[in-house]
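**Student:** 3D, please:
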Amino acid sequence: MSIKKRLLHSLGAVEEHYYAGDYIFREDGTPQFYYQIVDGEVKLNNYSKEGKEFIQNILSKDACFGEAMLFLEKPYPVNAVALTNCTVLKICRAKFMDLIDMYPQITLDICTALSEKTYNKFVLMRKIAHKNAIERLTEIMDILKEPQENRDKFSYEIPHTRQQLASLSGLCVETAIRAIKKMEENKVVIIKNRKIFY
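**Tutor:** Now for the predicted structure:
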């Protein structure tokens, strides 16, 4: 879901540039802005007490993030970190609330997008609850491939590294690598030039 950039600019949105690794916001921070990616990628993550990263989501161009907390007015439960150099549009909470008052359809679009995110999270958590690493990775790949028009076998190049897939699925990277090799042996994926096709 994205709001037209022209509309956001008309209400005072600004573009901010981030380098890979920069924090856009931090866990437990106070929500103050609506964010929308112009270009690049952003990851939403947490760290365990032991320092293990768990990636909640990886977002790219036109995706918005942090919007749910603007409605709840609760601290962020995740970090938002630039995964690549990126540009992000941001607009303050008060202007964002004015925007959805003026354009009720945007509220419906946001509710639909939040519902989709919640649904996908529930589906993913159902699979992650199982111990089987292959099931976890297959579910993540299914979710990534779902929006694509071409659903043929091996037609989709997974855009994430093995480390990112491990962090998305709650696995250690070694386990993810072994599971991906097993998936290749079972002809669930093919690997060309270290890229995974599903």
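**Student:** sheet partners, orientation included, of the helix or strand harbouring A80?
**Tutor:** Take DSSP states H and E as the rule and A80 turns out to sit in strand 79-82. Next to strand 79-82 in the sheet, as set by DSSP bridges, lie strand 23-25 (antiparallel), strand 42-47 (antiparallel).
**Student:** would you indicate which residues of the last one are buried?
**Tutor:** Read it as strand 42-47. Within strand 42-47, the residues scored as buried using 16 or more other Cβ atoms under 10 Å are 42-45. Heads up, the C-betas are built off the backbone N, CA and C, glycines and all.
**Student:** name the helices or strands packed onto the next helix or strand after that strand?
**Tutor:** With elements assigned by DSSP H and E, the helix or strand that comes after strand 42-47 is strand 53-59. Judged by 3 or more Cβ pairs under 8 Å, 6 or more residues apart in numbering; DSSP states H and E, the packing partners of strand 53-59 are strand 42-47, helix 162-169.
**Student:** quick one: mean pLDDT for the longest one?
**Tutor:** Translated: helix 162-169. Averaged over helix 162-169, pLDDT sits at 92.
**Student:** quick one: contacts of that helix?
**Tutor:** Residues from elsewhere that reach helix 162-169 (Cβ atoms under 8 Å, 6 or more residues apart in numbering): 43, 45, 53-55, 58, 128, 133, 136-137, 140, 158, 160, 171-173, 175-177, 180.
**Student:** spit out the contact partners of L89.
**Tutor:** Residues counted as contacts of L89 (Cβ under 8 Å, 6+ apart) are 5, 8-9, 13-16, 35-38.
**Student:** try E16
**Tutor:** E16 neighbours (Cβ under 8 Å, 6+ apart): 87-90.
**Student:** buried subset of these?
**Tutor:** Listed as buried from those are 88-90; burial here means 16+ other Cβ under 10 Å.
**Student:** okay, these in a markdown table with pLDDT next?
**Tutor:** A markdown table is the format used below for these (pLDDT from 0 to 100):
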| residue | pLDDT |
| --- | --- |
| V88 | 98 |
| L89 | 97 |
| K90 | 96 |
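**Student:** which of those residues sits closest to E146?
**Tutor:** V88 (24.8 Å; Cβ to Cβ).
**Student:** how about that closest one, secondary structure?
**Tutor:** strand (DSSP: H, G, I helix; E, B strand; the rest coil).
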